[in-house]
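>>> Mind folding the following:
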Amino acid sequence: MKLGFLALAASAMMSATVATAAPITFAQFQQLGGDDTFRVTNDAGSTGTLSTIGTPIVNFSFLRPAMQAAGLGSQDAYFNLSGTISTPASTMTLPGPDPINQLVTSGSLSFTRVTPANVGANTRTNLLTISFTDAILTGSLGGTSGSLLASTPDSVMTFTSDFLNFDDSIALDFALALSSITGGGLGRANASESLRAFTADATGTFSSDPAPLATVPEPAALGLMGVGVLGLALRRRRRAA
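As a prediction, this is how the structure comes out:
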């Protein structure tokens, strides 16, 4: 790795704190129902995986006014998560509860609309898809809550969507809040192991700087387009007469 694990964990945690000042939160999701959606497995000591449990349906919301005006403020979506762990978890001795950090080497998140949205002649389903490297799963040793965090430039990320354009975004981040962690809380069997297996509830937010541009016209804009087309048709009829 380019950085020692502790340095990378501390850097990612500080970046996530600093990044919240400038980037704008453009979307969020909330878990529906009481069943866990998030899983960590310990595959073989120092390695493991992150995944969703089945294909859960969550409530996904675009927070930008243009998206809400287009009727995309809140919708049901299929949530899918995958990630790879290839290093041991690490603890740091600080005043108060000991933090425990797990590097997630790479992974992806996706939110797919349950009901496709018809925009003109096109059908759109990809609300948001993220690929990332070097995210940090962090919390207190033995705790039943934690976070999965990633922020550029410490993490390399790409955001894509059928509804948003990220071409001008120079900073990206996401934060998943984990609660109701099972398996005895965040921990490891020994210093050479990754986090032990657990399941959890998950919610999250997504940000970019600057805010992404909406690729879906607002209803008012669609109405103006309709008026323009009608006016053009009437003008052609008059000329033909």
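
>>> List the buried residues for the helix or strand hosting G107?
Assigned by DSSP states H and E, G107 belongs to strand 99-119. Within strand 99-119, the residues scored as buried using 16 or more other CB atoms under 10 Å are 99-104, 106-107, 109-113, 117, 119. Heads up, the C-betas are built off the backbone N, CA and C, glycines and all.

>>> list the contacts for the closest residue to F38 other than its chain neighbours?
Spatial nearest neighbour of F38, excluding adjacent residues (CB to CB, 6 or more residues apart in numbering): A202 at 4.1 Å. Contacts for A202 (CB atoms under 8 Å, 6 or more residues apart in numbering) come out as 31, 37-38, 79, 81, 176-178.

>>> how about 7 Å then?
31, 37-38, 176, 178 (CB atoms under 7 Å, 6 or more residues apart in numbering).

>>> so what strands line up beside the helix or strand harbouring T129?
Following DSSP H and E, one finds T129 within strand 122-140. When pairing is defined by DSSP bridges, strand 122-140 lines up against strand 99-119 (antiparallel), strand 146-151 (antiparallel), strand 157-160 (antiparallel).

>>> residues in contact with the helix or strand following the last one?
Same thing as strand 157-160. Following strand 157-160 in sequence order, the next helix or strand is strand 164-165 (DSSP H and E). Strand 164-165 is contacted by residues 212-215 when judged by CB under 7 Å, 6+ apart.

>>> Of the residues you listed, keep whichever come out buried.
For these, buried by 16+ other CB under 10 Å: 212, 214.

>>> where in the chain is pLDDT low?
Along the chain, the parts satisfying pLDDT under 70 run over 1-21, 93-96, 217-241.

>>> what ranges do the helices span in it?
Along the chain, the stretches classed as helices by DSSP state H are 5-19, 65-69, 219-240.

>>> Give the buried residues for stretch 148-167.
Residues of stretch 148-167 classed as buried by neighbour count (16+ other CB under 10 Å): 148-152, 154-155, 157, 159, 161-164, 166.

>>> beta partners of T160?
Counting by DSSP bridges, T160 is bridged to T129.

>>> Double-check it against T129; I have them as touching.
Yes: applying CB atoms under 7 Å, one finds T160 in contact with T129, separated by 4.9 Å.

>>> what's the spacing between T203 and L128?
Per CB to CB, to the nearest Å, T203 is found 14 Å from L128.

>>> Same drill for these two, tell me which one is more crowded.
A count of neighbours by other CB atoms under 10 Å puts L128 above the other of T203 and L128, at 24 against 17.

>>> my guess is the more buried one meets S108, correct?
No: the criterion here is CB under 7 Å, and L128 misses it with S108 at 10.9 Å.
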